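A.B. asks: Fold the following for me, if possible:
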Amino acid sequence: MVPEPLEYLFLLLVYFLLILLLFQEKLARVLKSRAFWWSFVLFAACWTLIEIYGLNRDMWIYSTERLCGIRGLGVPLEEYLVFFGIHLSTVLAWEAFGPAAEPRED
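C.D. replies: Okay, here's the model as predicted:
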């Protein structure tokens, strides 16, 4: 079994492996894109501010039993990984299934 403080990290690992398996063809190109990284920084910054606000206003708390204990600006490491996973999977899905992925008939 996975130790309790690493359960969430293990779940995120499984999620990232799923992303890798589903979108392996597009992954390298997306990760090399400067636009991807700028949009991720903006996305993560906005959500970090929302998380900090929510934590300071006691709107929610994180269970210390299931987190690894590493925090940045009061936000658990696992949340930053979730931000990255959400952004990555959204961009990859757009690349794979969005309008640019459809073949054009000229």
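A.B. asks: For the rest of this, base every contact and every neighbour count on C-alpha atoms.
C.D. replies: Fine.
A.B. asks: can you count the residues close to residue 2?
C.D. replies: Other residues within reach of residue 2, judged by other CA atoms under 10 Å, total 10.
A.B. asks: secondary structure element for it?
C.D. replies: Under the criterion of DSSP states H and E, residue 2 resides outside all helices and strands.
A.B. asks: where in the chain is pLDDT low?
C.D. replies: Residues of the chain meeting the criterion pLDDT under 70: 101-106.
A.B. asks: which residues of it fall in helices?
C.D. replies: For the chain, the helices defined by DSSP state H occupy 7-22, 24-32, 34-56, 77-97.
A.B. asks: Check those for me and report the most buried one.
C.D. replies: Of all those, helix 77-97 has the most neighbours on average by mean count of other CA atoms under 10 Å, namely a mean of 17.
A.B. asks: what about it, distance to the chain center?
C.D. replies: Between the centre of helix 77-97 and the centre of its host chain there is 4 Å, according to CA atoms, centre = their mean, to the nearest Å.
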